[in-house]
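Give me a 3D structure for the following:
(chains A and B)
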Amino acid sequence: MRFSVVVEVRLREGVADPQGATIERSLPHLGFDGVSDVRVGKSIRFSIESDDEAAARREVDELCARFLANPVIEETGVRIGADVVL
Amino acid sequence: MTTTVGVVLFPGSNCELDVIEAVRSLGGEARVLWHGDRSVGDVDAVVVPGGFAHGDYLRPGAIARFSPIMSAVEKFAGDGGPVVGICNGFQVLTEAGLLPGALQKNRGLKFLCTMVEVRVETSSSVLTEDAEVGSVLRIPINHFEGNYTCSATTLAELRAQDRVVLRYVENPNGATDDIAGICNEGRNVVGLMPHPERASDAMLGSADGAVLLRSLLSTAGAVNSNG
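From the prediction side, this is the model:
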């Protein structure tokens, strides 16, 4: 079966995020005063061929751990399934 | 016998010739190690140079660390061989797990290309054996992701084991504890953000990096004659 996958790579809590901080600082100048906690990550989308969803998830988790994220500073959120919009 | 330094070339490396030239100017020999090779050959030391290996895609060093040559570099380091990662090379070594921590985007999000001062914090590493602890070296930096980051546990270990090799006199990039360079437990693997090869001759604006490269050549030579 073919599964759609979206991996969100985020900086771990407590890791400084210069990009997020820069965006946050610029927002009041544009009139957005109530925005805080801005964090920038990236999303990686792909399809994967697997026997079932559990097997796909195992493979994606391993892919995240070995390659897509650096566990020293990053963590991942994975969405998987036929209904995930790529 | 002349000490030979292997300089790893990935697609996107751009400081390999500078390192080779600097090593030769200091009396060593140097040659390129191709990223697709599975052996480092008979070199006495390995330098992973600066640049943008594989375009820094995904994260700096994330793709380069899986190059065939990196397995050979890991083995070489595991056997005690001197390995130095400069700038992008430092990023590759952290991604490969040869050094702890990670290099984050600079605080302030500026690409920094400037001369900085770094203080030698230990002479117990392959890169600083001939340097004087406390001496301040003028060496250029050239990076966007040089903000050294690690867990509190790792930082405590680095300090307790005297593994911070170089610190910035004035922190340019937000690096944790002003760290510009560290070494592994065996003290034979060193990573640093400044470029000693670009400060290896007075004509380049500073010759302060020469003492670091000379240390590498002499420790590599010693390893060579013992082995």
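
For B:Ala180, which non-adjacent residue is closest in space?
B:Leu166 (4.2 Å; C-beta to C-beta, 6 or more residues apart in numbering or on different chains). Heads up, the C-betas are built off the backbone N, CA and C, glycines and all.

and the one you found, what helix or strand is that in?
strand B:164-168 (DSSP states H and E).

same for that strand, what does it pack against?
strand B:112-120, strand B:179-183, strand B:189-192 (3 or more C-beta pairs under 8 Å, 6 or more residues apart in numbering or on different chains; DSSP states H and E).

Output that strand as CSV, restricted to C-alpha atoms.
Below are the C-alpha coordinates for strand B:164-168, written out as CSV (Å, rounded to 0.1, in the frame of the first residue of the first chain):
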residue,chain,number,x,y,z
VAL,B,164,36.6,23.0,25.0
VAL,B,165,39.6,23.6,22.8
LEU,B,166,38.9,27.2,21.7
ARG,B,167,36.6,29.9,22.9
TYR,B,168,35.7,33.2,21.2
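
Check which strands are paired with that strand and give the direction for each one.
strand B:112-120 (antiparallel), strand B:179-183 (antiparallel) (DSSP bridges).

Confirm for me that the residue nearest to B:Ala180 is in contact with B:Val120.
Yes. With contact defined as C-beta atoms under 8 Å, B:Leu166 reaches B:Val120; the gap is 6.3 Å.

and these two? which has more neighbours close in?
Taking neighbours as other C-beta atoms under 10 Å in any protein chain shown, B:Leu166 and B:Val120 compare with B:Leu166 leading, 28 against 22.

Next up, the contacts around A:Asp61.
A:Val78 (C-beta atoms under 8 Å, 6 or more residues apart in numbering or on different chains).

I'd like the mean pLDDT over the helix or strand that contains it, please.
Following DSSP H and E, the helix or strand that holds A:Asp61 is helix A:53-63. What helix A:53-63 shows for mean pLDDT is 96.

coming back round to it: now, of the strands paired with strand B:164-168, which is deepest in the fold?
The highest average neighbour count among the strands paired with strand B:164-168, using mean count of other C-beta atoms under 10 Å in any protein chain shown, belongs to strand B:179-183 at a mean of 28.

residues near the closest residue to chain B within chain A, how many?
Residue of chain A nearest chain B, by C-beta to the nearest C-beta: A:Val72 (4.1 Å). A:Val72: 19 surrounding residues under other C-beta under 10 Å.

Dig out what the nearest residue to it once chain neighbours are set aside forms beta bridges with.
Excluding the flanking residues, the one nearest A:Val72 by C-beta to C-beta, 6+ apart is B:Ala102, at 4.1 Å. Beta bridges link B:Ala102 to B:Thr149, judged by DSSP bridges.

Show me the strands paired with the helix or strand that A:Val6 is a member of, marking each as parallel or antiparallel.
In this structure, A:Val6 sits in strand A:2-11 according to DSSP H and E. Note on strand A:2-11: by DSSP bridges, its sheet partners are strand A:42-49 (antiparallel), strand A:74-81 (antiparallel).
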